[in-house]
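Trainee: build me a model:
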Amino acid sequence: MANNDISRRQFLGAASLVATGIALVPGEIFGVPAYIKNLGKPNSLFNGVQVGAITYSWRSMPGGAEDILKYCIDCNISAIELMGPTGESFAGAPEAPPRPNLAPGPDGKRPEMTAGQKAAQTEYAAKLAEWRAKVSMDKFVQLRKMYNAAGVSIYAFKPSALGTNNTDAEVDYAFRAAKALGANQANVELPNDAAETKRLGDIAAKNKVYVGYHGHTQQTPTWWDVALGQSKYNAMNFDMGHYVAAGFDPIAQIDAKHDHIVSMHVKDRKNKQNGGANVPWGQGDTPIVAALELMRAKKYKFPATIELEYEIPAGSDAVKETAKCVEFARKALGA
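Mentor: Below you'll find the model as predicted:
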């Protein structure tokens, strides 16, 4: 058996102890430093291009901090965009109430939440806002150290704390937590309101952490321009797959706006004329290989973030499919 295989087993065994709250030696990550020292670490930096993944890709699987770290190792992912619930749960956030089933009925309409469900959501939002305003950053630092010791960095954080209904204290928290995690950006969907992007950009600047604005098929070549003009900390979390489905050329956009891109979501979608479907990599109209080659040639330093959105085939799972995307990118970059 290879040494890397042994060390990975050791690591995962230690991680399971962490998950159950067992610390072998207080104050030391996993309790056994030798496990970390000998760990076979993932590496998805391919010929100068950092390939990462948004942890949303594994939404169909358990999402605890130790679970996510295991998926990174299994996929050979060494850098991630961390979704908020994983980090906040690790840091002790209030538990969310059960999510109401709002799936469309036979008539295609979504049911309204009951008065009780609405009250529970309102109460939870208030508790979460209070927690965010007061929480210490120590657990976020601990999470960063745990991931870094295993060879995984966190370059982006995406909590539900950057919306128009979130307080300034929550927004400030999002950037402070991102910094504690080692990230240079906290990401959110681009608001339609210029006053809101100004607010976010100002609080981002205070923390010297970028806000990466993400979009779907509403993206256009000039869609971010107002926000980008408001603050140097307003930036782009560009989604090249959605951009293709919207009918545009992502290569031209990457070349034109690379100075403003802090991370780029990579997925394969059919273009607008072909219906826009999410498909396995290599089967759509998104020029993934050309984009990765451009990043390598121009030495662009923003990460290419795998976002798994196509339907997972029978017999597979999200980790196996993400690993296929990593291998696709590795080959595309000649690593």
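Trainee: give me the low-pLDDT residue ranges for the stretch 151-300 of the chain?
Mentor: For the stretch 151-300 of the chain, no stretch has pLDDT under 70.
Trainee: could you pull out the helices for it?
Mentor: Taking DSSP state H, counting those that start in this stretch, the helices of the stretch 151-300 of the chain run over residues 168-181, 194-207, 225-230, 240-245, 250-257, 288-298.
Trainee: return the most buried member of those.
Mentor: helix 240-245 (a mean of 26; mean count of other C-beta atoms under 10 Å). C-beta coordinates here come from the backbone N, C-alpha and C atoms, glycine included.
Trainee: report the distance from that helix to the chain centre.
Mentor: Its chain's average C-alpha position is 17 Å from that of helix 240-245, according to C-alpha atoms, centre = their mean, to the nearest Å.
Trainee: about what we covered before: nearest to A129 among the helices of the stretch 151-300 of the chain would be which one?
Mentor: helix 168-181 (5.5 Å; C-beta to C-beta).
Trainee: tell me where the chain has strands.
Mentor: 45-46, 49-54, 79-83, 153-158, 185-189, 210-214, 234-239, 261-266, 268-269, 278-279, 304-306 (DSSP state E).
Trainee: the second one pairs with which strands?
Mentor: Strand 49-54 sits in its sheet next to strand 45-46 (antiparallel), strand 79-83 (parallel), strand 304-306 (parallel), going by DSSP bridges.
Trainee: tally of neighbours for P100?
Mentor: Using other C-beta atoms under 10 Å, P100 has 15 neighbouring residues.
Trainee: wait, doesn't it sit right on A119?
Mentor: No - look at P100 against A119 with C-beta atoms under 8 Å: they stay out of range, at 11.8 Å.
Trainee: need the strands of the chain in a markdown table with mean neighbour count, can you?
Mentor: Listed next are these as a markdown table, based on neighbours: other C-beta atoms under 10 Å:
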| stretch | mean neighbour count |
| --- | --- |
| strand 45-46 | 18 |
| strand 49-54 | 26 |
| strand 79-83 | 27 |
| strand 153-158 | 24 |
| strand 185-189 | 24 |
| strand 210-214 | 27 |
| strand 234-239 | 26 |
| strand 261-266 | 25 |
| strand 268-269 | 24 |
| strand 278-279 | 18 |
| strand 304-306 | 27 |
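Trainee: the ones you listed: which one's closest to G63?
Mentor: strand 79-83 (7.5 Å).
Trainee: neighbours around I312, how many?
Mentor: I312: 14 neighbours (other C-beta under 10 Å).
Trainee: N101: neighbouring residues, count only.
Mentor: By the measure other C-beta under 10 Å, the count of residues near N101 is 8.
Trainee: quick check: M113 touching T122?
Mentor: No - using C-beta under 8 Å, M113 makes no contact with T122, being 10.4 Å away.
Trainee: neighbour count: the two, which is higher?
Mentor: M113 (13 against 10).
Trainee: so who does the more buried one touch?
Mentor: M113 sits next to 100, 102, 121 when contact means C-beta atoms under 8 Å, 6 or more residues apart in numbering.
Trainee: ok, M295 next?
Mentor: 49, 254, 302, 304.
Trainee: how about V51?
Mentor: 44-45, 77, 79, 303-304, 306, 326, 329-330, 333.
Trainee: ok, the closest residue in space to Y233 that isn't next to it in sequence - contacts?
Mentor: The shortest distance from Y233 to any non-neighbouring residue, by C-beta to C-beta, 6 or more residues apart in numbering, is to A204 (3.9 Å). With contacts defined as C-beta under 8 Å, 6+ apart, A204 is in contact with 175, 186, 210-211, 231, 233-234.
Trainee: any idea how far A119 lies from A125?
Mentor: Using C-beta to C-beta, to the nearest Å, we find A119 at a distance of 11 Å from A125.
Trainee: these two: which is more packed in?
Mentor: It is A125, of A119 and A125, that has more neighbours when counted by other C-beta under 10 Å, with 16 against 12.
Trainee: gap between P303 and F46?
Mentor: For P303 relative to F46 (C-beta to C-beta), the value is 11 Å.
Trainee: tell me how this protein divides into domains.
Mentor: For the chain, whose domains are defined here by automatic domain parsing, the residue ranges read 1-40, 43-93+135-332.
Trainee: good, we can wrap up now.
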